[in-house]
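Colleague: Give me a model of this one.
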Amino acid sequence: MITTPEKLAATNKAAVESLLGVSAAAVASAERLAALNLNTARALIEDSMSSIKALSEAKDPQAFLAVQQSLVQPGTGKLVAYYRGVYEIATQNQEEITRLLETRFAELNKDLNAALEAAAKSAPAGSDVAIAAVKSALAAANATYDNVTKATRQVVDITEANVTNATTAAVKAVDAVTKQTRKSA
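Modeller: Below you'll find the predicted structure:
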């Protein structure tokens, strides 16, 4: 329970600072994503121009096919690198926001425990049971939060492993198709 205007102001200030931290993390993530997109677009234009030039210099259909096949593997690698970059930005943003929110949750939990202790000291006789029930509910909520956080981290770890495996498999598949196409040509 907030008993003084100073405590209310401090609580409001902490909430605003948390919100500003989350906003700053989101803006930083958007900036990094925009930079990745611009760099990717620039590289795509440059690669397209050099590809068009190489294809236009082909003297016969077989040379044209050979040039075309030679462009597949680097393009796939760049596409995979782009998606990895997007995934890393999203993951880092999620981790930063989670860290900020966990910090704020811990502060709120500490404040609530302090308020309960203060209430217990000034509570009338016989209210021990009610205060113990609130403390028990708070402990259960904290345990549930910890379990959800652990489960979420496990899901994130599994997802990252699956994305890495899928990316590796996709690159290997493209390499195999490219090699097979070269052999048959």
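Colleague: So which other helices or strands are in contact with the longest helix along the chain?
Modeller: Using DSSP state H to define each element, the chain has its longest helix at helix 61-122. Packing contacts for helix 61-122, counted by 3 or more CB pairs under 8 Å, 6 or more residues apart in numbering; DSSP states H and E, involve helix 5-56, helix 128-184. (Each C-beta comes from the backbone N, C-alpha and C, glycine too.)
Colleague: low-confidence ranges in this structure?
Modeller: 1-3, 177-178, 181-185 (pLDDT under 70).
Colleague: List the buried residues for stretch 108-116?
Modeller: Residues of stretch 108-116 classed as buried under the neighbour-count rule (16 or more other CB atoms under 10 Å) are 111-112, 116.
Colleague: make that stretch 139-148, sorry
Modeller: Across stretch 139-148, burial judged by 16+ other CB under 10 Å covers no residue at all.
Colleague: what does it rub up against?
Modeller: Outside stretch 139-148, the residues within contact range by CB atoms under 8 Å, 6 or more residues apart in numbering are 105, 109.
Colleague: now that stretch, how far from the chain's geometric center?
Modeller: 23 Å (CA atoms, centre = their mean, to the nearest Å).
Colleague: just stretch 54-63 next, same as before
Modeller: Distance, centroid of stretch 54-63 to centroid of chain: 44 Å (CA atoms, centre = their mean).
Colleague: Likewise for stretch 112-124?
Modeller: Worked out by CA atoms, centre = their mean, stretch 112-124 lies 39 Å from the chain centre.
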